[in-house]
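Peer 1: dropping a prediction and its sequence here:
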Amino acid sequence: MRKSCSIIIILLLIGFGTGFAAGAQEKSDAYKEHELKAAFIYNFLKFIDWPEDASADEKTAEKSEPDQEKIIRLGVIGNDEACSALEVINGKQIKEKKIKVVYLSEEDVQAKEPKSLKSCQVLFFCTAHKDESGKSPSPSYDLKKILALIKDRSILTIGEIPGFLEQSGMINFIVEEKKISFEINLDTLEQAKLKARAQLLKLAKRVIRKEKKEPEQKRDN
């Protein structure tokens, strides 16, 4: 499983050309980590299917783009540096749509009617910038509140936060010994009418799914 995952990431890095290597010495470790996560996210989008009626949400949202139906809006929350790192996939094409990376400010996510938030097809919840001790402070945004706002929409949620899946997030990054992997909450994905292809599930380090009980057979008296 790990070998297959490594091969996919290597191919993605080759596909992005020198984008990850350029100016590597000037980039922080956190910045380079988010560039690698961008490769993962690009791959996630290739193996996640949205329902055909997902565009209905776009019609109710504020249209800031002339060709909204041809764009996958990837909203980044909580870390503007991460948003900058994800620029490596900005404009990349998937399923005849182009990725548009946007940074969502606290004003965007705390608005009474957060149109900028709801107009996204993907949301990436980041940890905050690390302090001098190397630790990331708690996110400034209310994760539970934001997830509640979008629970009825087909929006893919990705995080890098411990316990993200248990809070109804869909995909969460794990970094162990400088190696990146991910876990999936399949139940939450399906509730949002999103479908993860088998290839993606096989690469996940952990998949959360409630066991469906088989209906009891009636016994003849």
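Peer 2: Sure thing, it's come through.

Peer 1: quick one: the helices in this protein?
Peer 2: For the chain, the helices defined by DSSP state H cover 2-15, 29-46, 55-60, 80-85, 106-110, 115-118, 143-149, 186-191, 198-203.

Peer 1: for these, which one sits closest to Gln93?
Peer 2: Gln93 lies closest, by C-beta to C-beta, to one member of these: helix 29-46, at 10.3 Å. Heads up, the C-betas are built off the backbone N, CA and C, glycines and all.

Peer 1: for that closest one, enumerate the helices and strands it packs against.
Peer 2: Under the contact definition 3 or more C-beta pairs under 8 Å, 6 or more residues apart in numbering; DSSP states H and E, helix 29-46 sits against helix 2-15, helix 80-85, strand 93-94, strand 122-125, strand 156-159, strand 171-176, strand 179-185.

Peer 1: phi, psi for Cys120 please.
Peer 2: The phi/psi pair for Cys120 (degrees, to the nearest 10) reads phi -90, psi 150.

Peer 1: could you find the closest non-adjacent residue to it?
Peer 2: In space, Cys120 comes closest to Gly75 once its chain neighbours are excluded; the distance is 3.9 Å by C-beta to C-beta, 6 or more residues apart in numbering.

Peer 1: for Cys126, see how far away the residue positioned nearest the centre of the chain is.
Peer 2: Taking C-alpha atoms, centre = their mean, the centroid of the chain lies closest to Ile158, which sits 2.9 Å from it. Distance from Ile158 to Cys126, counting by C-beta to C-beta, to the nearest Å: 9 Å.

Peer 1: so where's the protein uncertain?
Peer 2: Per-residue confidence of the chain (counting by pLDDT under 70) places the weak regions at 1-26, 54-68, 129-139, 211-221.

Peer 1: number of nearby residues for Asp196?
Peer 2: Check again: residue 196 is Ala, not Asp. 21 (other C-beta atoms under 10 Å).

Peer 1: quick check, it in contact with Phe47.
Peer 2: Yes: using C-beta atoms under 8 Å, Ala196 is in contact with Phe47, at 6.5 Å.

Peer 1: gap between the residue nearest to Cys120 and Phe47?
Peer 2: For Gly75 relative to Phe47 (C-beta to C-beta), the value is 20 Å.
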